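Q: Provided below for reference: sequence and predicted model.
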Amino acid sequence: MYCWGDNASGQLGLQLPDPDKVVPVPTESACVPGSTVAHIAAGQRHSVFLTAGGAVLSCGGTAEDSWGGRYTGAPSLWDIKAERITFPAPIEALSGVVGLASGQNHCLAVCGSGQVYSWGQGSEGQLGIGGCKKGLLKPRIIQALGGIQICQVACGNYHSLALSRDGAVYSWGKNSVGQLGLGKGVPFKLIPSQVVSISGAPVTRVCAGAEHSFAISLSGAVYAWGANNAGQLGINRVDETGRFNPCPVAALKLLGVSSVSCGDAHTAVLAKDGSVYTFGDGTYGQLGHNSTARELRPRKVEAIRERASQVQCGSNHTLVYLPSSGLLLGFGRSTEGQTGTGSTANQLQPSPVLLPGSSERADTAEEGDFNSRQITVFTGHNASFILTGPSKHPTGAGGLLKIDTQTLQKWLTVEFGSKQWKEAKSEIGEICSSASCLIASFLSDSTEALDGGRAHYFGVDVEAARDVFRQLQKKHWIITQMTTSFKDKLIPSLQSPAPNVEALEVFLILPEISVFHEEKNIPDLILPLSSAIANLSDASSKILRTWWTMLPVSHMNKILQMFRRVISCKLKGLIKSMRDHLLLKDVLQNMKLLFKANKQVKFLLPVSAFYMDEVVPFVPIVVDMLSWRFYQQEDLSTDVHSPVILCRFPFALNLLAKVQMLHVDAQLRNVRPRFFTLLSMSCNSHLDRCKDQSNRIYCEVTFDVSFTVFKSILNQYKFSSSLVVAWTH
C-alpha cells in the first residue's frame, strides 16, 4: 500500500516522526502487518482499512468521534485521550465486512449478511440510527435497514446512501440542498428512507459528493440530485438551492458510463471506452482542462489520450489510472500534496503521480517495474492511496440480483428440499419482488434505448423474457414462489402514477409470464396490474403506448389476450359491485390504449382481435345504450363513478353488438328528451335519500336504483318487449 497527501491527523497511518508533515509523493506503508488490505475509505481527518478477511482498522483524528477506535478493545495501542491515532488499529466490533464508506466525520460498514453499521459524528442524522447529536464512538447496526440486503454504501459530508440487492436506493442525514433525493420539505432524515423516484431502475452503484449524489443504472442511465451550485450534476444548468429529486443526466446516456466519482463540488465519469469526463467546480484545476472555470456539462479531459480504467475524486483533486502505460495522473488542489506530483502547487491539467519505479523516482525503484503491477486507487478528502497487486476484496454481499444463464440452470436443476433449493427459493422471491431485478434480468444489448432515449425505445429483451419464463413454468414450485412474490410485493409496488421511465419496462415483461394469463390470478395479479397501468400519468401512458408500437406482433397479442381474459371472465360472471365496474373500466381503458398503438402501426393485429364476443350474450345492450345516453345527457361522461358502458369502447364490439345498439338508439331517438328528463328526475329522487352516505354507497345505490327506474320507464315508453326482457334479465 502507498499513500500521500494530508497527514495532519495521522490519517495516512505512516507513523511519521512529524505527523503534521505533508506527504507529497506516494510513500509505502506497512500499516497492517500480516493482513492484505482490500479497500480503503477516508474522510476529512480519518481513514478506515478493510482487510481481505473482512476485518476493519482505523487511524487518524478522534476529536470528531469519526473513526470508531476508542472502543476497539485494544487500548494498549494508544492513549485513549489522544487527539489522533497514527497507527491503524482494529475495530473489534466489526467482522465479516465487505464494504466501507467515509463521510467528513462518519463511517459506514456493510457486512456480507447485508447489515450496515455506522459510527462517528451524527449531528445531522447521517448515522441513520435516529437522534444522535453526540455521535457514536463504537459502530452500531442501523436497525431501520434490518431485513434489507444492502450491498453497497456511500457517504457525503453529512448524508449517507445505501443500495440494496434488489436495486432500491436509501438515503438519510442532511437534506439542505436535496442530497437525499426525497423532495423538498425534508430538512433531514434520521433513519434511512427509500428514494422512491428512482424505484424500479436497475441501479448497480451509488456515490456521494460533499452535498450531491449519483446513482448508476445497469442500463447505463445516470441519475443525479443534490447540490448543483457549480454544475456538479452535469445537467447544463446551475441550481443555487439544489435539486431535491433525482433527474437523469442526459449528456451521459450516450457515453456508456462505467463509473462515477464525486468530490466536494465536482464529478468525474469514466466511460466504457476508457475516456474521462469531468464537470462542476474547477477552482483548483480538479477538472483537468488546464483551467479554473466550472463546467456545467460533462466535458472530455482531452489531455488524457490513453484508455483509463479507474477515476477517483478527492475533495478538490482527481486521480486517473492508465493501465497500458502504468501511469497514474493527478490534477486539482495539491496544497497538501494530494495529487502526488511532488509539488504543493495546484495542478490544472493531468500530471504524472511520482510512483515508485517511474523515471522521476529511479533512485527508489525496486527490482522490476512498478508500472507493470495491478493497482487500485482510493481517495480521501485531501489524501490518496493505492493498493498493489490483484484485488482481494472480501466476497459476500454481492450486487444487484438478476436472472442470468447460471442462475436459471441452478433453479431448474436444484434438488427439491435441499439447502440449495432453499437458497434458490429465496433468490426467486427477491427477484420476483423487485421491478429493478426483473428489468436487470432482461436488459437488451441494443444501443437504441440509449441513443434515442428511454422515452422512444425500451431497453428490455421481451423475447428473452418469454424464453426464460417458458422454462421456469415447467417447475411448479418455481411458479408458486413467483406468484406469491408478485402478489405480495411486486404488484403493490407498481402503483405510482409517475414511475421512473426505466421502471415502466416491467409492464412489458409481466405479460410474458403464464401466471398473468390464468383465470384464478385475475383478482390478485391481473386486475391490480391493469389498475397500475390505467393509473399511470399521461406522460407515462404515452411512453408505454409508444413502446407497445415497437413490440413484435406476438408480444402485442400477449398483452391483448391478458386484457381479453379479464373482460371475458368479468362479463360471464356478471358485474356485481362498484369495484367490479371500476376494475373493468381500467382494463378497457388499457385495451383502448393498446388499440391506439395497434392502429398507429397500421393494425398489425386485425381489428377483430379486439372484439369481445361475450358482449351480446352477457351484456344487456339496451341498458348499455341507455346508460351511455343518460350519462351523456347529464354531462357525466367522464364521471369516474359511472358504470362500465361498452358503447364507450366501440373497438371491443363486434358487428352484431353494434347493430343491436343502433337499433336501440333508433327507438330512443323520438322520445329521447322526455325519456331522459324523466329518467334524471326519477334517479335524483331516489338518490336524494342517499346524499349523506359515503361516495361508495352513493355509487352502489345508483346501480340499484337504475334497475327499478330503467324498467319502469322502458315500459312507460312502450319499448319493444324484447328490449324490456333483455334488460330484466
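A: That came in fine, so what should we check first?
Q: can I assume Val98 sits in a helix?
A: No: under DSSP: H, G, I helix; E, B strand; the rest coil, Val98 sits outside any helix and is assigned strand.
Q: measure Thr344 to Gly274 for me?
A: Distance, Thr344 to Gly274, using Cβ to Cβ, to the nearest Å: 30 Å. Where C-beta positions appear, they are placed from N, C-alpha and C, glycine not excepted.
Q: now do Gln420
A: In terms of Cβ to Cβ, Gln420 sits 39 Å off from Gly274.
Q: now do the contacts for the closest residue to Lys489 other than its chain neighbours.
A: The shortest distance from Lys489 to any non-neighbouring residue, by Cβ to Cβ, 6 or more residues apart in numbering, is to Ser433 (3.7 Å). Ser433 is in contact with Asp166, Ser485, Phe486, Asp488, Lys489, Leu490, Ser493, counting by Cβ atoms under 8 Å, 6 or more residues apart in numbering.
Q: which among these count as buried?
A: Asp166, Ser485, Phe486, Leu490, Ser493 (16 or more other Cβ atoms under 10 Å).
Q: of those, which is the nearest to Thr376?
A: Asp166 (27.6 Å; Cβ to Cβ).
Q: residue contacts, the closest residue to the closest one other than its chain neighbours?
A: Take Asp166 and drop its neighbours on the chain: the residue closest to it by Cβ to Cβ, 6+ apart is Ser434, 3.7 Å away. The contact partners of Ser434, taken as Cβ under 8 Å, 6+ apart, are Asp166, Gly167, Ala168, Leu401, Lys489, Leu490, Ser493.
Q: now distance to Lys253 and secondary structure too, for those residues, in JSON lines please.
A: Shown next, in JSON lines, are those (distance: Cβ to Cβ, whole Å; DSSP: H, G, I helix; E, B strand; the rest coil):
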{"residue": "Asp166", "distance to Lys253": "23", "secondary structure": "coil"}
{"residue": "Gly167", "distance to Lys253": "18", "secondary structure": "coil"}
{"residue": "Ala168", "distance to Lys253": "22", "secondary structure": "coil"}
{"residue": "Leu401", "distance to Lys253": "24", "secondary structure": "coil"}
{"residue": "Lys489", "distance to Lys253": "29", "secondary structure": "helix"}
{"residue": "Leu490", "distance to Lys253": "27", "secondary structure": "helix"}
{"residue": "Ser493", "distance to Lys253": "25", "secondary structure": "helix"}
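Q: now the two most distant members of those.
A: Maximum distance among these (Cβ to Cβ): 15.3 Å, for Leu401 and Ser493.
Q: could you pull out the strands for the stretch 101-250 of the chain?
A: Using DSSP state E, counting those that start in this stretch, the strands of the stretch 101-250 of the chain run over 106-111, 116-120, 136-141, 150-155, 159-164, 169-174, 188-194, 203-208, 212-217, 222-228, 239-248.
Q: how about Leu270, phi and psi?
A: Leu270 has phi and psi values of phi -100, psi 120 when expressed as degrees, to the nearest 10.
Q: could you count how many residues lie near it?
A: 23 (other Cβ atoms under 10 Å).
Q: any idea how far Ile386 is from it?
A: 16 Å.
Q: also Met591?
A: Distance from Met591 to Ile386, by Cβ to Cβ: 60 Å.
Q: please apply the same query to Ser123.
A: As judged by Cβ to Cβ, Ser123 and Ile386 stand 33 Å apart.
Q: more neighbours: which of the two?
A: Of the pair Ser123 and Ile386, Ile386 is the one with more neighbours under other Cβ under 10 Å, namely 24 against 18.
Q: check contacts around that one.
A: Met1, Tyr2, Cys3, Pro26, Leu328, Leu355, Ile375, Thr376, Val377, Phe378.
Q: please apply the same query to Lys658.
A: By Cβ under 8 Å, 6+ apart, the contact set of Lys658 is Pro650.
Q: extract the CA atoms of the helix or strand it falls within and return them as PDB.
A: If you go by DSSP states H and E, Lys658 is part of helix 655-669. Only the C-alpha atoms of helix 655-669 are listed here, as PDB (Å, rounded to 0.1, in the frame of the first residue of the first chain):
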ATOM      1  CA  LEU A 655     -70.900  -6.300 -35.800                       C
ATOM      2  CA  LEU A 656     -73.800  -7.900 -34.100                       C
ATOM      3  CA  ALA A 657     -73.400  -5.800 -30.900                       C
ATOM      4  CA  LYS A 658     -73.100  -2.600 -32.900                       C
ATOM      5  CA  VAL A 659     -76.300  -3.400 -34.900                       C
ATOM      6  CA  GLN A 660     -78.200  -4.100 -31.800                       C
ATOM      7  CA  MET A 661     -77.000  -0.800 -30.200                       C
ATOM      8  CA  LEU A 662     -78.000   1.200 -33.300                       C
ATOM      9  CA  HIS A 663     -81.500  -0.500 -33.100                       C
ATOM     10  CA  VAL A 664     -81.900   0.600 -29.500                       C
ATOM     11  CA  ASP A 665     -80.600   4.100 -30.300                       C
ATOM     12  CA  ALA A 666     -83.100   4.400 -33.200                       C
ATOM     13  CA  GLN A 667     -86.000   3.700 -30.800                       C
ATOM     14  CA  LEU A 668     -84.800   6.200 -28.400                       C
ATOM     15  CA  ARG A 669     -84.500   9.000 -31.000                       C
END
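Q: sounds good, over and out.
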